[in-house]
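Chemist: My questions concern the predicted model and sequence given below.
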Amino acid sequence: MSRILLLHASVEGQTLLIAERIAKVLREKAHSVELLPADGDPSRLDPAAWDGVIIGASIHYGHHPAYLHKLVKRHRAALAAKPNAFFSVSLSAGGPRPKLAAAQRYIDKFLRKTGWTPQLIASFAGAVKYSVYGPIKRRVMIVFVGLGGGETDTSRDYEYTDWGAVERFAHDYMQRLAQG
Ligand SMILES: Cc1cc2nc3c(=O)[nH]c(=O)nc-3n(C[C@H](O)[C@H](O)[C@H](O)COP(=O)(O)O)c2cc1C
């Protein structure tokens, strides 16, 4: 059994849902998982205290959050010393008209700026959650999503995450763990 730190940087909750699914898969195989927000108490976020680390973050306005850049830069060496993985969540990664090259660029930019080379990387489609956006964000998203050919009926939310891909990622990570 390994002790895994699973950090999530989520604004509207989809990255958290994905992290929870990954945690469930790991726990089913008897691993112990601590699921924490990446902007939480810094004293609990040191990868050195864990057997492995997974970090997931969503994209807003073309970027993963700035605080995550700082966290990864600070702990880069400790991260590299453990089985480590990263997943990115965006609308470019899936949905009605995916823009896979853009999703990959977000990841490449994040890894280039932080200097981190995760052993495992995944890009998951997120969600459009009109029900949780405030009025300004809703307007922004109607335009952004509409330009991309997506759903602009704000009376409901839209989830594009491929849960099978999320579970495969969790299993791939456990293979890394087994390799040490
Ligand atoms: C204000 C806003 C800006 C966004 N900007 C982008 C973007 O630049 N590129 C993209 O692919 N997805 C973008 N998205 C889509 C999010 O990545 C997607 O909704 C994701 O599921 C959010 O994850 P979270 O709920 O964990 O924060 C944006 C979403 C919002 C609400």
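Modeler: Thanks, I have the structure now.
Chemist: my guess is L7 is in a strand, correct?
Modeler: Yes - assigned with DSSP: H, G, I helix; E, B strand; the rest coil, L7 falls within a strand.
Chemist: hang on, isn't G95 packed against E159?
Modeler: No - at 9.5 Å, G95 does not count as touching E159 under the criterion of CB atoms under 8 Å. Bear in mind the C-beta positions are built from the backbone N, C-alpha and C, glycine included.
Chemist: For those two, indicate the residue with more neighbours.
Modeler: Of the pair G95 and E159, G95 is the one with more neighbours under other CB atoms under 10 Å, namely 22 against 14.
Chemist: Tell me the secondary structure at that one.
Modeler: Put simply, G95 is coil when judged by three-state DSSP.
Chemist: tally of neighbours for the closest residue to it other than its chain neighbours?
Modeler: Ranked by CB to CB, 6 or more residues apart in numbering and with sequence neighbours excluded, the top spatial neighbour of G95 is Y160, at 4.2 Å. Residue crowding around Y160 was assessed by other CB under 10 Å; the count is 20.
Chemist: distance of Y160 from the ligand?
Modeler: Note on Y160: its distance to the ligand, by CB to the nearest ligand atom, to the nearest Å, is 8 Å.
Chemist: Around the ligand, which positions in the protein sit nearby?
Modeler: When proximity is defined by CB under 6 Å from any ligand atom, the chain lies next to the ligand at 10-15, 58-62, 89-92, 126-128, 137, 140-141.
Chemist: By neighbour count, which bits of the helix or strand harbouring D108 are buried? Give me those.
Modeler: Taking DSSP states H and E as the definition, D108 sits inside helix 100-114. Across helix 100-114, burial judged by 16 or more other CB atoms under 10 Å covers A103, Y106, I107, F110, L111, T114.
Chemist: gap between the fourth one and the ligand?
Modeler: This points to F110. Distance check for F110 against the ligand: by CB to the nearest ligand atom, it reads 13 Å.
Chemist: List the residues that contact that residue.
Modeler: Each residue near F110 by CB atoms under 8 Å, 6 or more residues apart in numbering is listed here: A57, H63, H64, L68, H69, S88.
Chemist: Assumed F169 was part of a helix.
Modeler: Yes - going by three-state DSSP, the assignment for F169 places it inside a helix.
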